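K.L.:
I'll drop the sequence and a predicted model, then ask my questions.
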Amino acid sequence: MTSPITGLLALAVLAACAAPPARLAPALAADTVPQLRIAVPRDSARLARVIASGMRSDAALDDLRYLTDVIGPRLTGSDAMTRAAEWMADRLRAAGADSVWMEPITLDGWERGPIALRLVAPQTRWIAGASAGWAPGTNGAVAGDVVFVDARTLADFERRFAGRLRSAWVMTRAPMPMFDAFAPSPADSARVRAAREALFARPAGAEELAFLAVRDSLLVAEGAAGTLSSGDKERGLLTMFGTPLAPSRLPSVIVSHETFSQLHRLLSSGERVRLEADVRNRLTGPRTAMSVIADWRGASRPGEIVLLGAHLDSWDLATGATDDGAGAVAVTNALRLLAATGERADRTIRVALFTGEEQGLLGSRAYTARHAAELSRHQAVLVVDNGSGRVAGITLQGRDDLRAMWQQLFAPLDSLGPFTVRAGVRTGSDHLPFLREQVPAYLLVQEWRSYDWTWHTQVDTFDHAISGDLRQLSTVLASLAWGLARADRLIPR
Ligand SMILES: [Zn+2]
């Protein structure tokens, strides 16, 4: 999830990973939409066997443990990402895929080095923080004043800040008010909600957008040391961002919400605040990263494809267990569960483990370009990218005429529900490039669990995978893919 301000800076292309809750259209309007006639065979006995074996198996959890604890963070373009792609390709072959191949992308690589941050005034203490991705280092320790640049127009910036930012560490917005995660009172939550809404109440006008578009260049020209931003989550969490599509021109340091708030309070009360930072990152030049694609061939319509997708790349502060290792092992396990029954579906079921999702859906965008000629024969795309939580349903992505089809697809899964099929649009992951090509593409609705705290942070680790939910997730994926691969016709565009 990009911060709202980052979003203003035309980084809307960035993958969100934690897509915001679906925007829901009124249920009544959707219910009146005429439904497309698509028949999905129930295949009850066969799916009962898939459900029974899926709900007994911890194969996905075992894969996730190796992927995260042994292989570790999978930053796009890193050696670990390549190792993960090769290992998952082996897992897909062992799971029963007929063919497995790599689809490379190239990007400018980036390597994280050590960081040291020290508050030197008005108190001295070491603080925790991390460089944003694809941001440069500092060339040694740089001490400077922390300055809150709250200008919203070029004229205001020039009047108040021009000539005053040499070696400064620049904050560009106030801290986000935080909800109490544990037993909040309704009054507290209402107060925080109102404070958050107030922060974004006024949409940016043309003058402000024009200023935001050049703000980084102005900071470079002024000789600022770098920028400071907040993890925007409580209890010390750092939330990573950054992409080679829009690399930061200045060192960019993320500190915890609590540290950020302290700095902001100090500045608000007129204290001089100084920070020393030594940030050592390296831009490595062109690197290759691989998406892994695997087919389990259909029996009678092998040229038509049901695609189960997740992203194998991750941010690098932790081991990428919920974002999106869980999705990668779940779609792999869905293929395993289906192949193990020995009976093929009509259509091909394809697993895609995309790379570069975190840097702007690079792998899935490359896939839709490379496979442009066969996208019209993609029956549907189901993407998993919200952790290991159980499947709770689907949002229709504007295809309210497919509600009846989705109800048929979920029908054999009664014992694993409840599921809701609702109008709405979800963004923020690898289904988006497919939607642009008119392919019916979905981001599965999952129970959120601890995903808000884990995504892009230093605690996205195996601990937060939930065994029972991961079984349900794999099993539901297998059953939905089977139904889509058996439906009596291709979904009309
Ligand atoms: Zn993700």
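P.N.:
Now that the structure is in, tell me what you want to look at.
K.L.:
Please tell me how far the nearest residue to residue 371 once chain neighbours are set aside sits from residue 348.
P.N.:
Leaving aside its sequence neighbours, residue 371 sits nearest to residue 378 (CB to CB, 6 or more residues apart in numbering; 7.9 Å). C-betas here are computed from N, CA, C, even on glycine. Distance, residue 378 to residue 348, using CB to CB, to the nearest Å: 10 Å.
K.L.:
Quick check: neighbours shared by these two?
P.N.:
Both residue 378 and residue 348 are contacted by 304, 305, 306, under the criterion CB atoms under 8 Å, 6 or more residues apart in numbering.
K.L.:
May I see the residues you listed organised as JSON lines, with secondary structure, neighbour count and pLDDT added?
P.N.:
Below are these laid out as JSON lines (DSSP: H, G, I helix; E, B strand; the rest coil; neighbours: other CB atoms under 10 Å; pLDDT from 0 to 100):
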{"residue": "304", "secondary structure": "strand", "neighbour count": "20", "pLDDT": "98"}
{"residue": "305", "secondary structure": "strand", "neighbour count": "24", "pLDDT": "98"}
{"residue": "306", "secondary structure": "strand", "neighbour count": "26", "pLDDT": "98"}
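K.L.:
export these to a markdown table and tack on distance to the ion?
P.N.:
Listed next are the shared contacts of residue 378 and residue 348 as a markdown table, based on distance: CB to the ion, whole Å:
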| residue | distance to the ion |
| --- | --- |
| 304 | 27 |
| 305 | 22 |
| 306 | 21 |
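K.L.:
How about stretch 462-472, which residues are buried there?
P.N.:
The neighbour-count check on stretch 462-472 (16 or more other CB atoms under 10 Å) flags 462, 464, 465, 466, 469, 470, 471, 472 as buried.
K.L.:
Please disregard the earlier target; I meant stretch 342-358.
P.N.:
344-358.
K.L.:
what's the answer for stretch 132-140, then?
P.N.:
Under 16+ other CB under 10 Å, the buried positions of stretch 132-140 are 132, 133, 134, 135, 136, 137, 138.
K.L.:
okay, that stretch in PDB with CA atoms only?
P.N.:
This file holds the C-alpha atoms of stretch 132-140, laid out as PDB (Å, rounded to 0.1, in the frame of the first residue of the first chain):
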ATOM      1  CA  ALA A 132      13.200   3.000   1.100                       C
ATOM      2  CA  GLY A 133      13.800   0.700  -1.900                       C
ATOM      3  CA  TRP A 134      15.600   2.100  -4.900                       C
ATOM      4  CA  ALA A 135      16.800   5.100  -2.900                       C
ATOM      5  CA  PRO A 136      20.400   6.100  -3.000                       C
ATOM      6  CA  GLY A 137      22.700   6.000   0.100                       C
ATOM      7  CA  THR A 138      24.300   9.000   1.800                       C
ATOM      8  CA  ASN A 139      28.000   8.700   1.100                       C
ATOM      9  CA  GLY A 140      28.900   8.500   4.700                       C
END
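K.L.:
Off-centre distance for it?
P.N.:
Mean C-alpha position of stretch 132-140 versus that of the full chain (CA atoms, centre = their mean, to the nearest Å) differs by 23 Å.
K.L.:
Could you give the average pLDDT over that stretch?
P.N.:
Mean pLDDT, stretch 132-140: 96.
K.L.:
what does stretch 329-336 give?
P.N.:
Across stretch 329-336, pLDDT averages out at 98.
K.L.:
and that stretch, how far from the chain's centre?
P.N.:
The chain centre lies 19 Å from the centre of stretch 329-336; the measure is CA atoms, centre = their mean.
K.L.:
shift numbering so it begins at 4
P.N.:
All set: I'll call the first residue 4, so the last point we hit is now stretch 332-339.
K.L.:
which residues are contacting it?
P.N.:
57, 60, 62-64, 66-67, 70, 91, 94-95, 98-100, 297, 299, 311-313, 352, 354-356, 387, 391, 473, 476-478, 480-481, 484.
K.L.:
Return the subset of those residues lying in strands.
P.N.:
The members of the contacts of stretch 332-339 that map onto strands under DSSP state E are 297, 299, 311, 312, 313, 352, 354, 355, 356.
K.L.:
residue boundaries of the helices in the stretch 354-496 of the chain?
P.N.:
Secondary structure of the stretch 354-496 of the chain by DSSP state H, counting those that start in this stretch: the helices cover 365-373, 406-413, 435-439, 454-457, 470-489.
K.L.:
Which one, of those, ends up nearest to residue 147?
P.N.:
Set against residue 147 and scored by CB to CB, those come closest in helix 454-457, at 31.6 Å.
K.L.:
May I have the closest one as PDB, with CA atoms only?
P.N.:
C-alpha atoms of helix 454-457 as PDB (Å, rounded to 0.1, in the frame of the first residue of the first chain):
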ATOM      1  CA  TYR A 454      -2.200  -8.700   7.400                       C
ATOM      2  CA  ASP A 455      -2.300  -5.000   8.100                       C
ATOM      3  CA  TRP A 456       0.600  -5.400  10.500                       C
ATOM      4  CA  THR A 457       2.600  -7.700   8.300                       C
END
